[in-house]
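Undergrad: give me the fold of what follows.
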Amino acid sequence: SFARKHDHENFLCTLLLAGSARDAALAVRAFNIEVARVADVTSELNTARGRMTFWEHAVDDIFRGSVPHHPVTLELARTLKDYTLTKRNLQRLVKARHDHLNTTGFETLGKMEEYAEETVSPIYYVILEAMGLKNVQCDHAASHLGKSQGLATLMRAVPHNTATRRQLLLPHDLLLKHSVVQESVLRGTTTKGLKDVLFEIASAAKLHLDKTRSLVNNVPKEARTVFLPAVAVDCFLEQLRHVDFDIFDPKLRERNRSLGWKLFWNKLRSRY
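TA: The predicted structure is shown next:
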């Protein structure tokens, strides 16, 4: 229910995984949600850092067998009893967000892509590990999907971040290139310059998505459901294009009621 509430699209994708992968996916996604929400539940930097430190220590404790009494850590510990997982992948999810707490954006689109990968791709590495799949092509696809999904997530978060945190987490080089005045965006104003910035980011996300899909025939059939979130990313990028890259358009906040069917259809076809 936690993942369903806070990460609905990925939750739908997770339901279509095989039992073993589904349990691990639910555990790691719940962990990721907790870490991602740290910046939202507190505006005080030291408090946020303290909570990130808790999760960093929690990962160490789980792998030592000393599990903190928290629903998410307990679920992760149960997952570790059944599957051999790499601690570093969970550590990466925390470290990337911890390092990003006191930043005001990204210097370049490349830096934004790096952050996107570090906060998303490790989730897929964990799920693939739980399935016993050690495959270079799977990892390659997971890397590109992480970048694509991470960029999409950062774009979708613009209205929330500007309204509640007064932050515009978009690449500074693109904002400068397209003469975007940050204060106007913080007021919720859409400009041609902002649309151009979103177009460039969306184009990068689409390139990574296309690369993920181009690898489908190199990914074992039993692993392809892991990459179903690519369908949700594609739907969002199409929606963004239809509203002419106006990230403040209310249509982008509406739940995609056809997503479930699209995911199921792609699973039946062993595609993503």
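
Undergrad: where does the prediction get shaky in the stretch 1-150 of the chain?
TA: 1-2 (pLDDT under 70).

Undergrad: tell me which stretches of it form helices.
TA: Assigned helices in the stretch 1-150 of the chain, in chain order: 2-6, 8-15, 19-41, 45-64, 71-82, 87-100, 109-130, 136-156 (criterion: DSSP state H, counting those that start in this stretch).

Undergrad: pop out the phi and psi values for residue 220.
TA: Here is the backbone geometry of residue 220 (degrees, to the nearest 10): phi -50, psi 140.

Undergrad: next one: the one 10 residues further on
TA: Here the main-chain torsion angles of residue 230 (degrees, to the nearest 10) amount to phi -60, psi -30.

Undergrad: one more: residue 248?
TA: phi -90, psi 0.

Undergrad: that older thread, residue 231 is nearest to which of the helices of the stretch 1-150 of the chain?
TA: helix 8-15 (7.8 Å; Cβ to Cβ). Yep, even glycine has a C-beta here, placed from its N, CA and C like the rest.

Undergrad: circling back: TSV for the helices of the stretch 1-150 of the chain, including distance to residue 193 and mean neighbour count?
TA: TSV is the format used below for the helices of the stretch 1-150 of the chain (distance: least, Cβ to Cβ, whole Å; neighbours: other Cβ atoms under 10 Å):
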stretch	distance to residue 193	mean neighbour count
helix 2-6	32	14
helix 8-15	29	20
helix 19-41	26	20
helix 45-64	30	16
helix 71-82	40	17
helix 87-100	24	18
helix 109-130	15	22
helix 136-156	15	22
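
Undergrad: distance between the ends of stretch 215-231?
TA: 15 Å (Cα to Cα, to the nearest Å).

Undergrad: which residues are contacting that stretch?
TA: Outside of stretch 215-231, the residues within contact range by Cβ atoms under 8 Å, 6 or more residues apart in numbering are 9-10, 13, 16-18, 21, 124, 127-128, 131, 133, 135, 137-138, 140-142, 144-145, 148-149, 209, 212-213, 259, 262-263, 266-267, 270-272.
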